[in-house]
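>>> Fold the following for me, if possible:
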Amino acid sequence: MSEPARVLVVDDEPSITDFIAMGLRHEGFEVRTAPDGRAAMRVVDEFKPQIVVLDLMMPRMDGWELCRALAGDRNRGLIILSARDETTDRIQGLELGADDYLVKPFEFGELLARVRAVLRRRQPDLTRVVRAGELSIDTATREVRLGERLIELSVREFDLLHFLTLNADQVLPRQRILDEVWGYNFFGDENNVEVYIRYLRQKLGDLQHQRIQTVRGVGYRLRTDVATVAEA
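The predicted model follows:
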């Protein structure tokens, strides 16, 4: 597996930073926190985060100034997380160099999706080869192998399997899969997930639904403890 991505969360509300940090660590990220912009600058120099999630209204150095100071590094993404929801604020944040702007209150799942999206854009080679058991996915060549066997997938099948692999052995609700693979603006329903899970099972030879397991009433889980020989 690749090294975990590093995320710095900057907010003067401990309840916010603790909540985000706990969730991101659970998802496999390495996380540091800072209560204001000045403290964040010190952490950036030491921690060298790939993503900075920052509030705007903070003491000492606010988010606007921090955004200006950190913008310009193509290897570091910036996501503004603020209660300020005016269109002018969003425009100013993006013009200052932020990659995304999310308004409080927020759902953690949406923040997680945006962190991953920015990370993919900013550092596409950071997790170039992702592995889960005998599955390996090269995100640069979009090549998928099960053991030594090359698996041909469509664009959507690849994106779905990549997401399952990034979250291997975790139970993923259908709606979360739909949001993160199809996107938050997709107007279809959860049946799309079921259809593409069936396609993946066919191509992976998972006739007994052992590798991609259905968790009734919830969603799906990609298991890493299934041997290819068991599916022959």
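>>> Give the residue spans of the chain that score low on pLDDT.
Residues of the chain meeting the criterion pLDDT under 70: 1-2, 123-127, 184-188, 228-232.
>>> can you do 80?
Across the chain, the ranges flagged by pLDDT under 80 are 1-3, 72, 74-75, 120-129, 140, 183-190, 227-232.
>>> What lies in contact with stretch 214-223?
132-133, 135, 161, 164-165, 167-174, 176-177, 193, 197, 210-213 (Cβ atoms under 8 Å, 6 or more residues apart in numbering). In short, each C-beta sits where N, CA and C put it, glycine included.
>>> Work out for me the element the residue most central in space within the chain sits within.
Taking Cα atoms, centre = their mean, the centroid of the chain lies closest to residue 116, which sits 2.8 Å from it. Taking DSSP states H and E as the definition, residue 116 sits inside helix 108-122.
>>> Also residue 202?
Residue 202 belongs to helix 191-204 when assigned by DSSP H and E.
>>> Mind giving me the packing neighbours of that helix?
Applying 3 or more Cβ pairs under 8 Å, 6 or more residues apart in numbering; DSSP states H and E, one finds that helix 191-204 contacts helix 155-166, helix 174-177, strand 212-215, strand 219-222.
>>> so residue 150 makes contact with residue 142?
No: using Cβ atoms under 8 Å as the test, residue 150 is too far from residue 142 to be in contact (11.5 Å).
>>> who has more neighbours, these two?
residue 142 (12 against 8; other Cβ atoms under 10 Å).
>>> just checking, the more buried one touches residue 158?
Yes: in this structure residue 142 lies within contact range of residue 158 using Cβ under 8 Å: 5.7 Å.
>>> gap between the two ends of stretch 53-69?
End-to-end span of stretch 53-69 (Cα to Cα, to the nearest Å): 14 Å.
>>> does residue 170 sit in a helix, a strand or a coil?
coil (DSSP: H, G, I helix; E, B strand; the rest coil).
>>> What are the neighbouring residues in contact with the nearest residue to residue 211 once chain neighbours are set aside?
What sits nearest to residue 211 in space, not counting adjacent residues and going by Cβ to Cβ, 6 or more residues apart in numbering, is residue 226, at 4.6 Å. For residue 226, the contact set (Cβ under 8 Å, 6+ apart) comprises 133-134, 210-211.
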